[in-house]
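Colleague: Sharing a model that was predicted from the sequence below.
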Amino acid sequence: KFHNHLDKLYKSQSWVQKESEHLSFLIKLAQYPRFQQHVQGDKVPLKNLWTVYDAIHVARTECPTNSTLGCPDPELRVLLTDQEWTTLQNLAHYAEINKYSKQTAGSLLGGNILLQIFQRMGGTSLEATTQSIDRELQRQSDSQFFYYSAHYPTILSTFAALGLASPIDEILPDYGSALIVELHSDEASKQDFVKLFFRETESQLLSVLFDGPCFRSLGCSMDNFRQTLLLNLEFTSHLDWCDVCHNGSADICLMGAVYELQKEKQQVSALLDEAEAKTCGTNQSQIVGGFVGGIVLGLL
């Protein structure tokens, strides 16, 4: 589903126009042997530009000027002029921010991590009546701090899943940026509430996120946080995500399949018990038990 949204983005008027306006620059990038695997036709298309940007970005920021130690492609550091580097930055940021925006990514990429955060804060299921794998997968822990290490798409996708734009307009989160989710407890009211912050690289300032009705400077109650997730997510459990994305190969989906088989086994066992109780151990119960047991063996 996300890839369908990407295809729609790549065919949009704004995307095609942006690529057309910088066609000569994209053709120039295609001339470098280092980037041949990302070339389509005579250019590096906008959708593949991140890989070019990332390689040059690493060379310019991580490679010492007087040494090639630890740099896989040190020559990339001086490949572009300062003006060309600025153009590449702007184009790459435009492309990636649109790929992982609310309109394109929606809640498909960032929703699962929000569900896990919600559970680790003490929530169980977004819908109290939903019977799902969430409760089974919930990590019961006394830990007070969890750290997720991820790339910029995860941060942008989390913003998108909450219905937000990036707090740093038209700029990708750089190395060391952090999205901080805090759970507070008010002793007077005996209520828990959530605060969200964003910290840019090397900045000591925390940007308070969300000006909406839920997240203000005082935070958001757990119930309102749950309502916010219900409003923005396309699914209410990890298994629902598997269905929405038509994904049967991700670990969480494979675990869900096992869980569903276990539930079926329990249901069949209940039928066996009921059949034996009704027939009081006659030959009929043996026939029923052997037949249903064979189905279970086939499923497992």
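Modeller: Perfect, thanks for sending it. Since the structure is predicted, the reported quantities are computational estimates derived from the model, not experimental observations.

Colleague: C-alpha from now on. contacts and neighbour counts both.
Modeller: Noted.

Colleague: looking at the protein, which helix or strand does the model trust least?
Modeller: The weakest-scoring helix or strand in the chain, judged by mean pLDDT, DSSP states H and E, is helix 283-299 (a mean of 32).

Colleague: so how many other residues sit close to G106?
Modeller: 24 (other C-alpha atoms under 10 Å).

Colleague: so who does it touch?
Modeller: G106 makes contact with 100, 157, 160-161, 163, 233 under the criterion C-alpha atoms under 8 Å, 6 or more residues apart in numbering.

Colleague: run the last query once more with 7 Å
Modeller: 160-161 (C-alpha atoms under 7 Å, 6 or more residues apart in numbering).

Colleague: in stretch 22-39, what counts as buried?
Modeller: Applying a neighbour-count criterion of 16 or more other C-alpha atoms under 10 Å, one finds 23, 25-27, 29-30, 38-39 buried in stretch 22-39.

Colleague: In helices only, show me those residues.
Modeller: 23, 25-27, 29 (DSSP state H).

Colleague: Pick the one among those closest to V244.
Modeller: L26 (35.5 Å; C-alpha to C-alpha).

Colleague: Might one say that the closest one is in contact with V44?
Modeller: Yes: when contacts are counted by C-alpha atoms under 7 Å, L26 is listed as touching V44 (5.3 Å).

Colleague: So which residues of the stretch 151-300 of the chain form helices?
Modeller: For the stretch 151-300 of the chain, helices defined by DSSP state H, counting those that start in this stretch occupy the ranges 152-161, 222-232, 238-245, 251-279, 283-299.

Colleague: Can you report the mean pLDDT over the residues of the second one?
Modeller: To tie it back to what came earlier, the one meant is helix 222-232. Throughout helix 222-232, pLDDT has a mean value of 82.

Colleague: How about the longest one?
Modeller: Across helix 251-279, the average pLDDT comes to 59.

Colleague: do the same with the shortest one
Modeller: The pLDDT scores in helix 238-245 average 81.

Colleague: Which positions in it come out as buried?
Modeller: Neighbour-count burial for helix 238-245 [16+ other C-alpha under 10 Å]: 238-242.

Colleague: go on, the second one?
Modeller: For helix 222-232, a neighbour-count test (16+ other C-alpha under 10 Å) marks 222-226, 228-229, 232 as buried.

Colleague: Could you list the low-pLDDT ranges of this protein?
Modeller: Along the chain, the model assigns pLDDT under 70 to residues 64-70, 123-143, 165-170, 202-219, 256-300.

Colleague: and stretch 223-230, C-alpha only, in PDB?
Modeller: Provided in PDB are the C-alpha atoms of stretch 223-230 (Å, rounded to 0.1, in the frame of the first residue of the first chain):
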ATOM      1  CA  ASP A 223      -6.800   8.600  27.300                       C
ATOM      2  CA  ASN A 224      -6.500  11.500  24.900                       C
ATOM      3  CA  PHE A 225      -3.200  10.000  23.600                       C
ATOM      4  CA  ARG A 226      -5.100   6.800  22.800                       C
ATOM      5  CA  GLN A 227      -7.900   8.800  21.100                       C
ATOM      6  CA  THR A 228      -5.200  10.700  19.000                       C
ATOM      7  CA  LEU A 229      -3.800   7.300  17.900                       C
ATOM      8  CA  LEU A 230      -7.300   6.000  17.000                       C
END
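
Colleague: That'll do, ta.
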